[in-house]
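model the structure of this input:
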Amino acid sequence: MRKDSAFSGLEAAIVLIAFVVVAAVFSYVMLGAGFFATQKSQEVTYSGIKQSTSNMVLDGQLYGNGKTITQLTFYLTVPEGGQPQKMSDVNFLMTVGGNTVSTLGSVIKGDELLQPGARTKIVAHLGNAANNRYAPNPLRPSFTVEIKPKVGASTLISKTLSSGYNGGVII
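Below you'll find the predicted structure:
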């Protein structure tokens with residue numbers, strides 16, 4: 001009696017097909033993981049671009065209304081290529097003379113939706129400056145206004161009143 005322990009052609013074909021199927025499944029899984037990673041990195045990139053192009057900038061000068069400022073007026077714009085900003089979502093914060101940060105509650109904002117290239121007038125009422133520790137005056141001449149949109153980077157406007165300031169453009 002003869003023992004034949006070799007593979008037949010059919011057995012060899014079945015083993016070869018099994019290897020090919022396992023390799024195909026493995027490559028499909030690897031391609032799927034690669035596509036998933038690529039999609040996630042694309043989303044992160046677009047999110048970063050959206051945030052970096054969503055800034056608001058001062059367009060022109062900052063104006064005060066007197067020796068002791070009770071109102072600030074300035075214009076804001078979104079640069080070309082930026083994202084439109086909903087003005088109701090923008091917060092305005094102010095620090096005077098290194099004191100604590102206060103939110104400017106009484107702010108008249110121009111257009112509801114600020115489009116790229118357009119500008120809007122902002123009027124911030126600081127209240128009665130004689131009794132307001134948050135109003136710039138000759139005793140506390142340095143102040144910072146922070147413009148915080150819902151999406152994007154904040155914009156800081158830091159100014160110091162000159163000794164003879166009596167209203168108008170704040171340099």
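
which parts of this structure are helices?
9-52 (DSSP state H).

from the centroid of the protein, which residue is nearest?
Among the residues of the chain, the one closest to the centroid is Gly152, at 0.9 Å (Cα atoms, centre = their mean).

which non-adjacent residue is nearest that residue?
Of all residues beyond its chain neighbours, the one nearest Gly152 is Ser54 (2.9 Å), with distances taken as Cβ to Cβ, 6 or more residues apart in numbering. From N, CA and C alone the C-beta is placed, and that goes for glycine too.

tell me how far that neighbour lies from Pro84.
Taking Cβ to Cβ, to the nearest Å as the measure, Ser54 falls 9 Å from Pro84.

between these two, who's got more neighbours?
Ser54 (19 against 13; other Cβ atoms under 10 Å).

the worst-scoring helix or strand of the chain on mean pLDDT packs against which elements?
Within the chain, confidence by mean pLDDT, DSSP states H and E is lowest for strand 107-109 among all helices and strands, at a mean of 76. Contacts defined by 3 or more Cβ pairs under 8 Å, 6 or more residues apart in numbering; DSSP states H and E place strand 107-109 against strand 119-125.

and the pLDDT at Trp134?
Actually, residue 134 is Tyr. It isn't Trp. What the model reports for Tyr134 is a pLDDT of 57.

typo on my end, it should be Thr160
87.
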